[in-house]
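Trainee: Provide a 3D model corresponding to the input given below.
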Amino acid sequence: METAATTASGLTFRDATDADVDVLVALVESAYRGDSSRAGWTTEADILEGQRTDPEGVLDVIKSPDSRLLVVERDGRTVACCQLEHRGDHAYFGMFAVSPTLQGAGLGKLVIAEAERRARATWGVAEMHMTVIDVREDLIAWYERRGYRRTGRTSPFPYGDDRFGVPQRTDLRFELLVKPLV
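Mentor: Numbers count the residues shown, from 1 in each chain. Model prediction:
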C-alpha cells in the first residue's frame, strides 16, 4: 500500500497505525451512532444503538496483513477513514466514515474514489465489494450513484452480538453491493 499522499483537494491519505485507534473509533462512532451522528446524513441512530466499532476491531483491521485502514486528514485533523481488504479477485470496502459536520460537501466521493484507485493499483483487483444494511435506502442510493450495484445477495445481521450495536428493529440484514473497477 502507498504511504501518505496529499491530493489537490488538500487531503492527505495514509495507512492507519496503532496510534490512530482512539481517533478512528471516535470518528466512526460519531458518524453512525448517538446524537452527534445526526449532524450528518449517514446516522444509524434510529435503527441501532450501542457501539459501531471498538478499539479491538479497529486494531484488528490495522494489523491484518490483507487489510488497510485508510486515514484521511485535512490540515492535520482526521476527517474520514475507510477499510480496504484484499479478497482474491476483489477488494472489500468497509468501516467508511466521514466526520458528520463535513458530510454532504463531496468529501465522501473523494475518499471512495481514492480507495478504489488504491485497490486497483495495489492489488490489481477487478471489483470492489461492500455490504450495507439493506434498509438504508438513502445510503444505497448514494453508492449506486458512485457506480455500485445491488446484487440481491444478503447476509444476516449479527443479532445478539453487541460489538456491532443493539438493533432497534428485527428486519436488519446486509446486502452485497459490487462495482467493477476496470
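
Trainee: From here on, just use CA atoms for contacts and neighbour counts.
Mentor: Noted.

Trainee: following the longest helix anywhere in the chain, which helix or strand comes up?
Mentor: With DSSP state H setting the assignment, residue counts place helix 107-123 as the longest helix in the chain. Counting by DSSP states H and E, the next helix or strand C-terminal to helix 107-123 is strand 127-133.

Trainee: helix or strand right after that next one?
Mentor: According to DSSP H and E, the helix or strand after strand 127-133 is helix 137-145.

Trainee: so that following helix versus helix 107-123, what angle?
Mentor: 50 degrees (axes from the mean of the first three to the mean of the last three Cα atoms, to 10 degrees).

Trainee: residues in contact with helix 137-145?
Mentor: With contact meaning Cα atoms under 8 Å, 6 or more residues apart in numbering, helix 137-145 is reached by 42, 132, 134, 149-150.

Trainee: top of the residues you listed by neighbour count?
Mentor: Within the contacts of helix 137-145, neighbour counts (other Cα atoms under 10 Å) peak at Thr42, which reaches 21 neighbours.

Trainee: what about that one, is that helix, strand or coil?
Mentor: Of the three states, Thr42 takes coil under DSSP: H, G, I helix; E, B strand; the rest coil.

Trainee: for Phe13, same thing?
Mentor: Assignment for Phe13 (three-state DSSP): strand.

Trainee: Please look at it and Arg74 and confirm they touch.
Mentor: No. Using Cα atoms under 8 Å, Phe13 makes no contact with Arg74, being 9.2 Å away.

Trainee: More neighbours: those two, which one.
Mentor: Set side by side, Phe13 and Arg74 show more neighbours around Phe13, with 23 against 14, by other Cα under 10 Å.

Trainee: Thanks a lot, see you next time.
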